[in-house]
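Participant: Sequence first, predicted coordinates after that:
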Amino acid sequence: VQLQASGGGLVQTGGSLRLSCAASGSNYLMGWFRQAPGKEREFVAGIIWNSGTTSYADAVKGRFTIARDNAKNTVYLQMNSLKAEDTAVYYCAARRYGFGFFSSSLDYNYWGQGTQVTVSS
């Protein structure tokens, strides 16, 4: 499975960005993680492909929305009301098989290249 992420950029506080991640194969679960300088990679949001069940980190609940497009085999992360602390490299990830939800980076099999999101205050 190959993952191709896109959509990062520079935005002002309060602005919006949409990240996309196109997958070359089918997956059980897809997620977004982020890593800020000097910090560990952290879970942002995830979606179970077949059911559409979603999960979010507390820091982004109510501001970010993860969604999938079955026809395009693509997952999106709509980020609204962005804050300076959202600045990070964002990675999409996929887990090929499973049951239930996974929010540890160790539980994901495939990773896309990171895309930089910078929120200026």
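Facilitator: Received, thanks. Residues are numbered from 1 along each chain as shown.
Participant: And the pLDDT at the most centrally placed residue in the chain?
Facilitator: The centroid of the chain falls nearest to W32 when counting by C-alpha atoms, centre = their mean (2.1 Å). pLDDT, W32: 98.
Participant: before we move on, what SS does it have?
Facilitator: Three-state call for W32 (DSSP: H, G, I helix; E, B strand; the rest coil): strand.
Participant: Pretty sure it sits against V89.
Facilitator: No: assessed by C-beta atoms under 8 Å, W32 is found out of contact with V89, at 11.2 Å. Every residue, glycine included, has its C-beta placed from N, CA and C.
Participant: coming back round to it: got a list of what the closest residue to the residue nearest to the centre of the chain other than its chain neighbours touches?
Facilitator: Distances taken as C-beta to C-beta, 6 or more residues apart in numbering place V44 nearest to W32, at 4.4 Å, with adjacent residues excluded. Contacts for V44 (C-beta atoms under 8 Å, 6 or more residues apart in numbering) come out as 31-34, 56-57, 60, 64, 77, 90.
Participant: can you do 10 Å?
Facilitator: 19, 31-34, 55-57, 59-60, 64, 66, 77, 79, 86, 88, 90-92, 103 (C-beta atoms under 10 Å, 6 or more residues apart in numbering).
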